[in-house]
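Q: Got a sequence here, can you model it:
(2 chains)
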Amino acid sequence: MKSTEETMQHDDHHHHHGDHDNHFSEMQARVKALETVLTQKGLIDPAAIDAIVETYETKIGPRNGARIVAKSWTEPDFADWLKADATAAIASLGYSGRQGEHMRAVFNTPDTHNLIVCTLCSCYPWAVLGLPPVWYKAPPYRARAVIDPRGVLAEFGVVLPETTKIRVWDSTAELRYLVIPERPSGTEGFDAERLADLVTRDAMIGTGLVRLPEAV
Amino acid sequence: MNGPHDLGGQHGMGPVAPEKDEPIFHAEWEKRALGVTLSCGAFGAWTIDESRHARENLAPATYLSASYYEVWTRALETLLQRHGFVSAAELSAGQMLNKGTEPKRTLTAEMVPAVLAKGGPCDRPLDAPQAFAVGDRVRTKNFNPETHTRLPRYARAKRGIVEAVQGTYVFPDDNAHGKGENPQWVYTVVFDAKEIWGEGADPSLTVSIDAWESYLEHA
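A: Residues are numbered from 1 along each chain as shown, chains lettered A, B, ... in the order given. As a prediction, the model looks like this:
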């Protein structure tokens, strides 16, 4: 693996970070100073940091959630279990732990579309969706999801009928929410992995829809 | 506290701007910030509630212009200094100058899978009956503490309905300030958008929060 310094230089030359450009080199220095001091004191193990990063880059991500959704589409008993005790149902697939300790699954219906936000910080179901995207943690989404969800959805290219009810879940406590979208038509006979391919991360936050089978 | 973090309903923040094919990290320092933050959490010196409150206490202009990993990093610097692990002089020097507090434990690479798999459950047993039941009409309290709370401003003094009883959990308003876990019942309370936003509210919208029992009164 490249040293932190080398990769930082690389990032410095190639990275663009929108509004945060002016903070970028400052943050790189700040985090480096922090990591250096803590490592010199024996308080942190740089290899542990690598292991954490690798976990969220390669092991824990939205594919976990997509498998849960696909299983709920094909197994009504599993869907019932998700409704009754999402934490246990999800743990049965091996997904549990940090920021997935207390799970709730909320099901879209023909009448109701669910949308998840954390207006106060960045609460997100890491165990099933991985690390949250930048927009989920940034002020515009957190400010607007609870007052103008249709405006937010339009920015994701999602336009719902006016008659569709929208339910926004603000994750103010330690419950973490996973949206279970509806199974699209035309997927009869699909196996679980093929169904999981249709389930986007944003569909499980509520800012997107599942892919149509012909698009995969 | 009525801090910059309490964003629900604020205007002028601009478009959401989802990124196509967003990478998991946008810079190498973000990876290190994540790992350092989680590693320091493993010391056991502060709770998730205290760390959230440290983030909320960033100056509003700083908070609102920072990326979230920057928010985490700045708050972590506060926590590390508050608990005596590092000094301001060390952070500006980027070098160890003195020995600081000894943590209860440090996180090694071998521990990472088990620690992440365990997480930090915050449900706690409580030997007290629940004050509210599903279907109850409730009103959220009106208060403006300078201390930590998880009742957002937009949802204070609002009438809603208890939709679910979610169990008993650590009470963050106390736990953030070292006053103990003091678990309470937590309820999902759902509000009509009109109750929250009044005139012009989206008639198809309902919003729910998860509320600790002491945030609620019978309505």
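Q: What strand or helix carries residue 186?
A: Assuming you mean chain A. If you go by DSSP states H and E, residue A:186 is not part of any helix or strand.
Q: Sorry, I should have been clearer: chain B.
A: Residue-wise, residue B:186 maps onto strand B:184-192 under DSSP H and E.
Q: Would you mind identifying the next helix or strand past that strand?
A: Taking DSSP H and E, what comes next after strand B:184-192 is helix B:193-197.
Q: Any residue of that next one touching chain A?
A: Yes - legend: contact between helix B:193-197 and chain A by C-beta under 8 Å from any C-beta of the partner chain is shown at B:193, B:196-197. From N, CA and C alone the C-beta is placed, and that goes for glycine too.
Q: Can I get these in CSV including pLDDT, distance to residue B:212 and neighbour count?
A: Converted to CSV, the residues of helix B:193-197 next to chain A look like this (pLDDT from 0 to 100; distance: C-beta to C-beta, whole Å; neighbours: other C-beta atoms under 10 Å in any protein chain shown):
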residue, pLDDT, distance to residue B:212, neighbour count
B:193, 98, 23, 21
B:196, 98, 19, 21
B:197, 98, 23, 18
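Q: Helix or strand: which one has the residue in chain B that chain A sits nearest to?
A: As assessed by C-beta to the nearest C-beta, chain A sits closest to residue B:35 within chain B, at 2.8 Å. Using DSSP H and E, the element containing residue B:35 is helix B:28-41.
Q: Which residue, other than its chain neighbours, is closest to the residue in chain A that chain B sits nearest to?
A: Residue nearest to chain B within chain A (C-beta to the nearest C-beta): residue A:49, separated by 2.8 Å. Nearest residue to residue A:49, sequence neighbours excluded (C-beta to C-beta, 6 or more residues apart in numbering or on different chains): residue B:35, at 2.8 Å.
Q: so that neighbour sits right up against residue A:53, yeah?
A: Yes - counting by C-beta atoms under 8 Å, residue B:35 does reach residue A:53; the two are 5.7 Å apart.
Q: quick one, which of those two is more surrounded?
A: residue B:35 (27 against 21; other C-beta atoms under 10 Å in any protein chain shown).
Q: just the strands in chain A please.
A: Residue ranges of the strands in chain A, as given by DSSP state E, are A:103-107, A:112-117, A:165-170, A:176-180.
Q: got those strands as JSON lines, with distance to chain B, mean pLDDT and mean neighbour count columns?
A: Putting the strands of chain A into JSON lines (distance: least, C-beta to the nearest C-beta, whole Å; pLDDT from 0 to 100; neighbours: other C-beta atoms under 10 Å in any protein chain shown) gives the following:
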{"stretch": "strand A:103-107", "distance to chain B": "8", "mean pLDDT": "98", "mean neighbour count": "21"}
{"stretch": "strand A:112-117", "distance to chain B": "8", "mean pLDDT": "98", "mean neighbour count": "23"}
{"stretch": "strand A:165-170", "distance to chain B": "5", "mean pLDDT": "98", "mean neighbour count": "22"}
{"stretch": "strand A:176-180", "distance to chain B": "10", "mean pLDDT": "98", "mean neighbour count": "25"}
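Q: and these as a markdown table, adding distance to residue B:217?
A: Listed next are the strands of chain A as a markdown table, based on distance: least, C-beta to C-beta, whole Å:
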| stretch | distance to residue B:217 |
| --- | --- |
| strand A:103-107 | 25 |
| strand A:112-117 | 25 |
| strand A:165-170 | 20 |
| strand A:176-180 | 26 |
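Q: List the strands paired with the strand holding residue B:186, with their directions.
A: Its sheet considered, strand B:184-192 pairs with strand B:159-169 (antiparallel), strand B:205-212 (antiparallel) by DSSP bridges.
Q: And the strands of chain A: which comes nearest residue B:50?
A: strand A:176-180 (20.0 Å; C-beta to C-beta).
Q: Next, count neighbours for the residue nearest to residue B:149 when sequence neighbours are not counted.
A: Spatial nearest neighbour of residue B:149, excluding adjacent residues (C-beta to C-beta, 6+ apart): residue B:173 at 4.9 Å. Burial of residue B:173 is recorded as 21 neighbouring residues (other C-beta under 10 Å).
Q: for the one 10 residues further on, same thing?
A: Using other C-beta under 10 Å, the number of residues around residue B:183 comes to 22.
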